[in-house]
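Asks: The sequence and its predicted three-dimensional model are supplied below.
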Amino acid sequence: MGKIIHPIEPIYDKDSKVLILGSFPSVQSRKELFYYAHPQNQFWKLLEDIFNENIIDKREFLLSHHIALWDVIRSCEITGSLDNTIKKVKVNDIAMLLKHSNIKTIFTTGRKATMLYQKYIEPKLGIPTIYLPSTSPLYSKMKYEEKREAYQKIRNYL
């Protein structure tokens, strides 16, 4: 297990209003160089459901709905895709992204992203995060319908 540097650029533009932060890209996402690339991850299906539309171009969908997407971690040591193996964390420069957008609300997906954001980023930015449950296929403590209800909150901030 060596240090891995986040290989995916953030998705945002000057009109982005909300930022959704995961922890660190999965093996599949790192391979495909795009967020939530594992076919069983529920992230994109949840967004399709809460916005009631089919997503064809993921980047275009996010930008057209003023949603920015990135991760809390810039580099770390990790085994596979497992958040509970993450060590030696360096965080992304979220403040830079905020300077170049209209983001006022930050969501974090999953416990690890939330904990790391609250520990390393929130004290500097002063913007609390709104927790969203993990969309990973490994997180089965919550039914899909419950996750959809939680993700519905995003629309209130757009």
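Replies: Here it is on my side, so go on.

Asks: hey, where'd the strands end up in this structure?
Replies: 3-5, 18-22, 67-71, 73-77, 87-91, 105-109, 129-132 (DSSP state E).

Asks: closest one to Ile121 among these?
Replies: Checking the strands of the chain against Ile121 by C-beta to C-beta gives strand 87-91 as the closest, at 5.9 Å. Glycine gets a C-beta too; all of them are placed from N, C-alpha and C.

Asks: got the angle between the closest one and strand 67-71?
Replies: Here strand 87-91 runs at an angle of 140 degrees relative to strand 67-71 (axes from the mean of the first three to the mean of the last three C-alpha atoms, to 10 degrees).

Asks: Now do the buried residues in strand 87-91.
Replies: Val89, Val91 (16 or more other C-beta atoms under 10 Å).

Asks: swap in stretch 126-143?
Replies: Quick answer for stretch 126-143 (16+ other C-beta under 10 Å): Ile127, Thr129, Ile130, Tyr131, Leu132, Pro133, Ser134, Thr135, Ser136, Tyr139.

Asks: Helices of the protein, start to end?
Replies: 27-32, 43-51, 58-64, 94-99, 111-116, 122-125, 144-151 (DSSP state H).

Asks: okay if I get those helices as a markdown table plus distance to Asp15?
Replies: Below are the helices of the chain laid out as a markdown table (distance: least, C-beta to C-beta, whole Å):
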| stretch | distance to Asp15 |
| --- | --- |
| helix 27-32 | 25 |
| helix 43-51 | 16 |
| helix 58-64 | 8 |
| helix 94-99 | 13 |
| helix 111-116 | 24 |
| helix 122-125 | 20 |
| helix 144-151 | 21 |
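
Asks: Cool, thanks, talk later.
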